[in-house]
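[1] any chance you can model this:
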Amino acid sequence: MIRTFIAISVPEEIKERISDFQRNFKKGKGFIKWVRTESMHLTLKFLGDVEEDRIASMAESVQETVGSQKPFTISLAGTGVFPHPGRPRVLWVGVEEGKEILISLAEKIDRSCTSLGFKPEKRKFSAHLTLGRVKSAKGIDSTLSTVKTADFQGGSFQADEIVVMKSKLRPEGAQYTPLHTIKLEG
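    Numbers count the residues shown, from 1 in each chain. Purely as a prediction, here's the structure:
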């Protein structure tokens with residue numbers, strides 16, 4: 001079994017900008033598991049544990065479903081929390097430009113994967129990049145205040161591929177390995 005998800009990679013210079021911004025939050029209290037710079041990405045669908053022999057056919061199905069999408073611009077801006085400030089579980093950076101295309105791609109990928117027997121998404125897709133996961137909300141008021149008042153502009157990049165990723169959980173954080181690359185060719 002391979003822990004698998006489908007995502008759009010973020011260029012290194014954008015990751016570095018986000019990482020620099022993330023340092024503002026790390027000054028606060030509370031127990032937050034911060035996403036490492038090298039692990040930052042935009043998830044389109046999390047599949048969980050997948051039998052290795054199913055991955056190639058799933059990637060092929062996704063290619064057929066979304067390969068006709070033209071490359072598009074994504075800009076990252078703004079910050080927030082899920083599910084809401086009173087009960088924060090995830091700190092995130094938002095997507096400004098490209099949000100509607102990401103929503104459409106996520107819905108198409110979900111339908112494609114569901115037709116192959118994968119579980120459908122229960123929640124509505126929300127385009128975001130995870131900064132950190134709140135393990136304990138005790139003492140994170142100053143961090144939440146920073147999130148609410150931040151005017152983060154992460155920059156823009158051209159999304160021209162989708163990646164099927166392997167996720168290996170490790171004590172220091174998940175390690176991601178690309179399994180398949182799906183070119184957006186329009």
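
[2] so which bits of stretch 46-58 are buried?
    For stretch 46-58, a neighbour-count test (16 or more other Cβ atoms under 10 Å) marks 47, 50, 54-55, 58 as buried. Every residue, glycine included, has its C-beta placed from N, CA and C.

[3] filter the residues you listed down to the ones in strands?
    Cross-referencing those against strands under DSSP state E gives 47, 50.

[4] reformat the buried residues of stretch 46-58 as a markdown table; add distance to residue 74 and pLDDT.
    Listed next are the buried residues of stretch 46-58 as a markdown table, based on distance: Cβ to Cβ, whole Å; pLDDT from 0 to 100:
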| residue | distance to residue 74 | pLDDT |
| --- | --- | --- |
| 47 | 22 | 96 |
| 50 | 26 | 96 |
| 54 | 29 | 96 |
| 55 | 25 | 96 |
| 58 | 23 | 96 |
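
[5] which strands and helices sit next to the helix or strand bottoming out on mean pLDDT in the chain?
    Lowest by mean pLDDT, DSSP states H and E among the helices and strands of the chain is helix 141-149, with a mean of 77. If contacts are counted by 3 or more Cβ pairs under 8 Å, 6 or more residues apart in numbering; DSSP states H and E, helix 141-149 sits against helix 12-26, strand 72-84, strand 87-95.
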